[in-house]
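Enquirer: what follows is a predicted protein model with its sequence.
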Amino acid sequence: MTANRAKISASLLSADFGYLAESIKSAERAGVDEFHFDVMDGHFVPNLTFGPPVLEAVNRYATKPIDVHVMQRSPERLIPVYASSGGDIITIHIEGIADVDETIDVILEAGAQPAVAIRPRTPVSSLRSVADRVRRVLIMTVEPGFGGQEFLPDTLPKITEALSMMLSARPENDCEIAVDGGIKSQTIGSTLEAGATTFISGSGIFSHPDGIDAGVRVLRDRLKSVRG
Ligand code: DX5
Ligand code: ZN
């Protein structure tokens, strides 16, 4: 896994929604590779966020790809709407889906790239049956639901396990291991060493005391220093 494939994804949950367009532009100027859009339904997770109309607004200003992280019970019916509202990648939780294969088909038919996520206590083995159908898996490094939580170090071995599972399922070596939750300058290095390739950060970027640009720069610098 070559380290120069590392991607930084800005989680908009921590953005200032009163200045969404400006926040998106600042994050792009700071060099983020992607945006992360957390849909929460108040049932699958104990929080409620935003949906298609806000995604459309993000899509009007973002030129980088948008990953829709779907934390919702039975999201099948809305998946085509997420795709048509600007979602390039649609990340579904294995715990919230009745038929994962069918849902991946729905994502592909909608013209988006499917990805699968697991909560901290869900084993990596639950993803095995779909490992050859997705490029990206997302390992939650906090309990999903809120930004600004502490990174859970117990999740590090799962990153390594997910990488090895994906490398054996996809011999073409195109896989991405995303980490989401508590990713900051103090924690990003250990996830890179464990095998992560895509680093999703919300408060680390949008709530950095020195601004969005500094938030992205410290993450990038830390990745460089760990890679050597
Ligand atoms: C949490 C969300 C995350 C969240 C990460 O359920 O999935 O994407 O925005 O926020 P930070 O980086 O602040 O932990
Ligand atoms: Zn997320």
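Expert: All right, it came through fine. Ligands and ions are numbered 1, 2, ... in the order given.
Enquirer: rest of the way, CA atoms for contacts and neighbours
Expert: OK.
Enquirer: how about the helices in this structure?
Expert: 20-29, 52-61, 79-84, 100-109, 156-169, 188-194, 203-206, 212-227 (DSSP state H).
Enquirer: contact residues of this protein facing ligand 1?
Expert: Remark: the part of the chain in contact with ligand 1 comprises 11, 13, 38, 144-149, 180-183, 201-204, using C-alpha under 6 Å from any ligand atom.
Enquirer: just the buried ones from those?
Expert: For the residues of the chain next to ligand 1, a burial check counting by 16 or more other C-alpha atoms under 10 Å picks out 11, 13, 38, 144-148, 180-183, 201-204.
Enquirer: out of those, flag the one nearest to Ser225.
Expert: Distance to Ser225 across these (C-alpha to C-alpha) is lowest for Ile183, with 15.9 Å.
Enquirer: list the residues that contact that closest one.
Expert: Residues in contact with Ile183 (C-alpha atoms under 8 Å, 6 or more residues apart in numbering) are Phe151, Phe199, Ile200, Ser201, Gly202, Gly204.
Enquirer: isn't the fifth one up against Ala10?
Expert: Yes - counting by C-alpha atoms under 8 Å, a contact exists between Gly202 and Ala10, whose distance comes to 5.8 Å.
Enquirer: quick one: buried residues of stretch 218-228?
Expert: Neighbour counts over stretch 218-228 (16+ other C-alpha under 10 Å) mark Val218, Leu219, Arg220, Arg222, Leu223 as buried.
Enquirer: pLDDT weak spots in the protein?
Expert: Scanning the chain with the threshold set as pLDDT under 70 gives 1-4, 172.
Enquirer: try 90 this time
Expert: In the predicted model of the chain, residues 1-5, 96, 170-174, 227-228 satisfy pLDDT under 90.
Enquirer: Leu192: neighbouring residues, count only.
Expert: By the criterion of other C-alpha atoms under 10 Å, Leu192 has 23 neighbours.
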